[in-house]
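Novice: Turn this into a structure:
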Amino acid sequence: MARLRAARGIGTLRERVSIQERSETSDGGGGVAFTWDNIATNPTVSARVEPLRGFEQLQGFGLQGRVTHRVTLRYRDDVTIGNRFLWGAIGLHVKSPGINEDERSRYVTFLCEQGGGQ
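Specialist: Residues are numbered from 1 along each chain as shown. Sure thing, here's the model as predicted:
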């Protein structure tokens, strides 16, 4: 637990990520197209992005690469499973509810997955 606390100062939030949600729009031909939209008027926030591990899994007739990350940011309650963080050109899909580890609503941590999309 000491490692987690030491890693949480405001100075460790060195990356900028945009928070996005998936939306559906009609494609005009009876189907839908999926797009990612920012969830707030100022969706870009400071964050700590830590790669955790990478792996491959068999999907269909080929291998699909996946990389998991831990993303920590100042506490907010509007990020849910199914949202994503856009970190540069990399989409990090939120796969866990926010973890408010010290229960003081200062920082929240999400487990995310890069690759594959949703």
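
Novice: helix/strand/coil for the residue of the chain most remote from its centre?
Specialist: Centroid-distance maximum for the chain: residue 29 at 31.4 Å, with C-alpha atoms, centre = their mean. Secondary structure, DSSP: H, G, I helix; E, B strand; the rest coil: residue 29 is coil.

Novice: any idea of the mean pLDDT for the helix or strand where residue 109 lies?
Specialist: Applying DSSP states H and E as the criterion places residue 109 in strand 107-114. In this model, strand 107-114 has an average pLDDT of 93.

Novice: So which elements touch it?
Specialist: When contacts are defined as 3 or more C-beta pairs under 8 Å, 6 or more residues apart in numbering; DSSP states H and E, strand 107-114 sits against strand 62-74, strand 84-87, strand 90-94. Where C-beta positions appear, they are placed from N, C-alpha and C, glycine not excepted.

Novice: check contacts around residue 112.
Specialist: Residue 112 makes contact with 68, 69, 70, 71, 84, 85, 92, 93, 94, 95, according to C-beta atoms under 8 Å, 6 or more residues apart in numbering.

Novice: List the single closest residue to it in space, sequence neighbours excluded.
Specialist: residue 92 (3.9 Å; C-beta to C-beta, 6 or more residues apart in numbering).

Novice: ok, the one you found - contacts?
Specialist: Neighbouring residues of residue 92 by C-beta under 8 Å, 6+ apart: 17, 49, 69, 71, 84, 85, 86, 112, 113, 114.

Novice: and what of residue 46?
Specialist: Taking C-beta under 8 Å, 6+ apart, we find residue 46 in contact with 10, 13, 14, 15, 16, 73, 74.

Novice: Can you say which helix or strand has it in it?
Specialist: Per DSSP H and E: residue 46 is located in strand 44-59.

Novice: List the buried residues in that strand.
Specialist: By neighbour count on 16 or more other C-beta atoms under 10 Å, the buried set for strand 44-59 is 45, 47, 48, 49.
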